[in-house]
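Fold the following, please.
(one chain, ligands or ions: 1)
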Amino acid sequence: MNILEKAHNQTGIGVPIWFMRQAGRYLPEYRALREYFGQFLDLCFDPEAACEVTLQPLLRFPKLSAAIIFSDILIVPYGLGQEVSFHENGVQKGPVLKPFTPHLWEGMKAVTPDLFLEKVSPLFETLQKVRANLAPEKNLIGFAGAPWTLATYMLGALQIRHTAYTQPDFLHEVIDKLVQMVTCLLEAQIRSGADCVQLFDPHSQGLPDDLWTRFCLKPVHKIIASLKEAHPNVPILLYTKVTSFLLNDLNPDVLSIDTAVPLSYARNILQPRVAIQGNLDPELLVVGGGALTKRVQAILDSLAHGPFIFNLGHGILPTTPIDHVSQVVEQVTNFKRVGKV
Ligand code: CP3
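Numbering: from 1, shown residues only. Next comes the predicted model:
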């Protein structure tokens, strides 16, 4: 059963559950393995280690429904020749990309899908290894960043908004290149064993409608259309902060919603049109206790009687206690679905 069928199955198997960033620094076994790799991308591109990290959360929490392949959205700029590094401390904490110069862009334009896939090819080996080691009833989720979010990292968050007004045709070319690469990346992940794919578009908020339509919506539509044509039965999940996405006709199979989306809106407006995934606040998973149990129950009561996958509204935080994760997995998997009331 794929994750979409599990989301729709309102009796029998219970509510499907996984966590964004479920493999990561809150797990001591991840931190131990991470220490051996200087650069984060070296870990991502080591199939043996990346497979182990992908499976770590399922060993800890055997009732999780899915594994998400261990990688990062920034392998796309990396595969196109833009250097990416990750800084753990200091002012530049987080990912740092080499500046996007005209020279770099000339080089990127010459990168064909084949060259790109070759550069990120260890990922496909990781997928094959994970699929071979994962129980058949568990889903394997492949993923990629959506074009706007990727371009935000590649050009810089301030620069991209300026460029959208001053050089829209150039930005369009960059986004088109990303549409092509993301599509072939997700197709290659499906061929290597991913049962479903999630597009991450966390930076898609705050744009005026015309820019959002041109640079976020249409590119995502193009990717969904190509994937649906090539792999009609592979569910597509989309994480976005712009739920008006659904006012359009080409939709993902699952909409992964941010913590800020009200449950009543998710239930009454969104869920009749699409399966929902989300939206527990990762901070509450750190806090734990009665407040956590109460909120998990409220999410289940609102959404779990319709098509639903339990998840967070953002990625899991490194300070999350493991016990809190176990507690939520128990609570969610013990919940009885009775169909929409
Ligand atoms: O969900 C998973 O377990 C799969 C792996 C995964 C990672 N990143 C691993 C990772 C996924 C799906 C992502 C997605 C991702 N990466 C997004 C979209 C979702 C979101 O969080 O908004 C974005 C914007 C990125 C870019 C990125 N990668 C940032 C901003 C950072 C630094 C922040 C941080 O948590 O350190 C990363 C690094 C990163 N990606 C880590 C992990 C486990 C931590 C790096 C380390 O362990 O050294």
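
Could you verify that Ser85 is part of a strand?
Yes: per DSSP: H, G, I helix; E, B strand; the rest coil, Ser85 lies within a strand segment.

bridging residues for it?
Val96 (DSSP bridges).

In this structure Leu27 contacts Pro57, no?
Yes: contact between Leu27 and Pro57 holds when scored by Cβ atoms under 8 Å: they sit 7.0 Å apart. (Each C-beta comes from the backbone N, C-alpha and C, glycine too.)

Compare these two (neighbour count), which wins?
Comparing Leu27 with Pro57 by other Cβ atoms under 10 Å, the one with more neighbours is Pro57, at 28 against 22.

ok, and that one, which helix or strand is that part of?
Secondary structure assignment for Pro57, by DSSP states H and E: helix 47-60.

what comes into contact with that helix?
Helix 47-60 is contacted from outside by 19, 22-23, 27, 29-30, 33, 36-37, 43-44, 64, 67-71, 122-123, 125-126, 129-130, 133-134, 138, 322, 325-326, using Cβ atoms under 8 Å, 6 or more residues apart in numbering.

Pull out the buried residues from it.
Under the neighbour-count criterion of 16 or more other Cβ atoms under 10 Å, helix 47-60 has 47, 49-58, 60 buried.

Over to stretch 127-135?
So, applying 16+ other Cβ under 10 Å, buried residues of stretch 127-135: 127, 129-131, 134.

Run through who's touching it.
So stretch 127-135 is contacted by 47-48, 51, 54-55, 58, 67, 69, 140, 142, 189, 192-194 (Cβ under 8 Å, 6+ apart).

tell me the pLDDT at Gly339?
In this prediction, Gly339 carries a pLDDT score of 66.

quick one: the longest helix along the chain near the ligand?
Assignment by DSSP state H gives helix 168-191 as the longest helix of the chain. No: using Cβ under 6 Å from any ligand atom, helix 168-191 stays clear of the ligand, coming no nearer than 12.1 Å.

Following element in sequence after that helix, please.
That would be, after helix 168-191 and using DSSP H and E, strand 196-201.

Report the inter-axis angle for that next one versus helix 168-191.
For strand 196-201 against helix 168-191, the angle by axes from the mean of the first three to the mean of the last three Cα atoms, to 10 degrees is 160 degrees.

So which elements touch strand 196-201?
strand 139-145, helix 147-155, helix 168-191, helix 218-230, strand 236-240 (3 or more Cβ pairs under 8 Å, 6 or more residues apart in numbering; DSSP states H and E).

give me that answer again for 10 Å
If you count contacts as 3 or more Cβ pairs under 10 Å, 6 or more residues apart in numbering; DSSP states H and E, strand 196-201 packs onto helix 3-8, strand 66-68, strand 139-145, helix 147-155, helix 168-191, helix 218-230, strand 236-240, strand 254-257.
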